[in-house]
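Visitor: Structural data only, the sequence is not supplied:
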DNA sequence: GATTTTAGTCAACCTCGCTTGACATATTGG
DNA sequence: CCAATATGTCAAGCGAGGTTGACTAAAATC
């Protein structure tokens, strides 16, 4: 029994030590938490949730229809509409008319929304700068190269 | 107006290109999804959720009290107890008596739970091997070194 | 030995992030 | 011009992942 326990412990330890993926997950989680913490720390900011921010990259400059947003997010249009509702109430997005189709609306950023977006990106850039300082430019470069290579080979087919 | 739009677009593009952190988040998310997909693909496995697996690293070999688990997870003991309930029903964990304290129970893995744990770690190791193949050993080493350095300088104080 | 604290559970409820279903309105296609 | 289709909203509901409050039983404290 004691032997089996020792073997168990040893295998667990080995797995922990070996897994670069676990390190990746942990680092991503911690940094993400830190970024969210810093952004939401700023007073006068609407209380954004992750589901809200995940919408942002999909909003085109000229405005994007709710159904298109839903498709890009992989959710129903009702769900997308709900997110837009929230962000509209916060003054981040607005629904403009679509000149080509009276049924549709074009969801786009307000001036305030754009400003907030850039603020958020600035926070991220600052955090990244701190990381580079801590681990050195060489390691940061290695990190970036590995991630770029990894992402290039990932999306198609998954495996 | 067209000028402002161009500036907006340019700033967004710059931010996207520059952010190694965003690459990190994306890679972690995709790999995590892939790992979860592979593990839950295996038939005959209990349907674990992330909240369940997040409990595992906190369970000691000799068993761990629910209140300790709650503390380590940063949730209430009721929430931790709920997770243990689920995993007990799946046959992954069990509540053993605590010889030192008749109020307490010691939550520990069942034999089946341990086996499943190692299966999961094996899946992770396989996925990591595939990544290394795709990007090359040198880049994988660079990735690992950067992550180790990063995590060493992160937990205390955060910033 | 009485009182207070600690370990754990039961029950009700909450928010978040979605879904399905029903519907009004506008556009497109035969 | 009428039927079929597409855009979006309203309403209800659900599962995940928690929370708070009330309670029991066993230790610890005095």
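Guide: That came through, no problem. This structure is a prediction, so every number in the text was calculated from the model and none was measured.
Visitor: ok, now which ones touch residue A:85?
Guide: Neighbour list for residue A:85: empty [criterion: CB atoms under 8 Å, 6 or more residues apart in numbering or on different chains]. No exception for glycine: its C-beta is placed from N, CA and C like everyone else's.
Visitor: And what about it, helix, strand or coil?
Guide: For residue A:85, the assignment made with DSSP: H, G, I helix; E, B strand; the rest coil gives helix.
Visitor: Now do the same for it: its pLDDT.
Guide: If you check residue A:85, the pLDDT there is 97.
Visitor: quick one: low-confidence ranges for chain A?
Guide: A:1-18, A:44, A:155-159 (pLDDT under 70).
Visitor: Which residue ranges of it form strands?
Guide: Remark: strands assigned in chain A by DSSP state E are A:93-97, A:105-109.
Visitor: hmm, who's touching the first one?
Guide: Identification of contacts with strand A:93-97 by CB under 8 Å, 6+ apart yields A:59, A:63, A:84, A:87-88, A:105-110, A:113.
Visitor: If we use 6 Å, what do you get?
Guide: By CB atoms under 6 Å, 6 or more residues apart in numbering or on different chains, the list of residues contacting strand A:93-97 from outside reads A:63, A:84, A:87, A:105-108, A:110, A:113.
Visitor: And for residue A:98, nearest residue in space, chain neighbours not counted?
Guide: residue A:104 (4.1 Å; CB to CB, 6 or more residues apart in numbering or on different chains).
Visitor: Now do that neighbour: how many residues are near it, please.
Guide: Neighbour count of residue A:104, defined by other CB atoms under 10 Å in any protein chain shown: 16.
Visitor: One more: the one 3 residues further on?
Guide: The tally of other residues near residue A:107 (other CB under 10 Å) stands at 26.
Visitor: And for residue A:134?
Guide: 15.
Visitor: Skipping adjacent residues, who's closest to it in space?
Guide: Residue A:134 sits nearest to residue B:153 (CB to CB, 6+ apart), 4.4 Å away.
Visitor: Same question for residue A:28.
Guide: In space, residue A:28 is closest to residue B:28, 3.4 Å off (CB to CB, 6+ apart).
Visitor: right, and the one you found touches residue A:23 too?
Guide: No: Residue B:28 lies out of contact with residue A:23 (CB atoms under 6 Å); the separation is 10.1 Å.
Visitor: And the spatially most central residue of chain A, how close does it get to residue B:29?
Guide: In chain A, the residue lying closest to the centroid (CA atoms, centre = their mean) is residue A:54, at 5.9 Å. Distance of residue A:54 to residue B:29, computed by CB to CB, to the nearest Å: 10 Å.
Visitor: do the same with residue A:78
Guide: 24 Å.
Visitor: Check residue A:123 too.
Guide: On the measure of CB to CB, residue A:123 and residue B:29 end up 19 Å apart.
Visitor: okay, these two: which has more neighbours?
Guide: residue A:123 (18 against 13).
Visitor: Just confirm the more buried one contacts residue A:37, I think it does.
Guide: No: using CB under 6 Å as the test, residue A:123 is too far from residue A:37 to be in contact (9.8 Å).
Visitor: quick one: stretch A:88-99 near DNA strand C?
Guide: No: judged by CB under 7 Å from any atom of the strand, stretch A:88-99 makes no contact with DNA strand C; its nearest approach is 8.2 Å.
Visitor: Could I get the buried residue list for that stretch?
Guide: A:90, A:92-95 (16 or more other CB atoms under 10 Å in any protein chain shown).
Visitor: ditto for stretch A:75-83
Guide: A:77, A:80-81, A:83.
Visitor: how about JSON lines for the residues you listed, with distance to chain B added?
Guide: JSON lines is the format used below for the buried residues of stretch A:75-83 (distance: CB to the nearest CB, whole Å):
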{"residue": "A:77", "distance to chain B": "23"}
{"residue": "A:80", "distance to chain B": "20"}
{"residue": "A:81", "distance to chain B": "24"}
{"residue": "A:83", "distance to chain B": "18"}
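Visitor: thinking again about what came up before, who has more neighbours, residue B:28 and residue A:23?
Guide: The residue with more neighbours, out of residue B:28 and residue A:23, is residue B:28; 20 against 17, by other CB under 10 Å.
Visitor: domains for chain A, by residue range?
Guide: What the record gives for chain A is the domain set A:18-44+A:111-159, A:48-109, from automatic domain parsing.
Visitor: Any chance of these in CSV with distance to DNA strand D as columns?
Guide: Formatted as CSV, the domains of chain A follow (distance: least, CB to the nearest atom of the strand, whole Å):
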stretch, distance to DNA strand D
domain A:18-44+A:111-159, 13
domain A:48-109, 3
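Visitor: DNA strand C contacts on chain A?
Guide: A:49-52, A:73, A:75-76, A:78-79, A:82-83, A:101-103.
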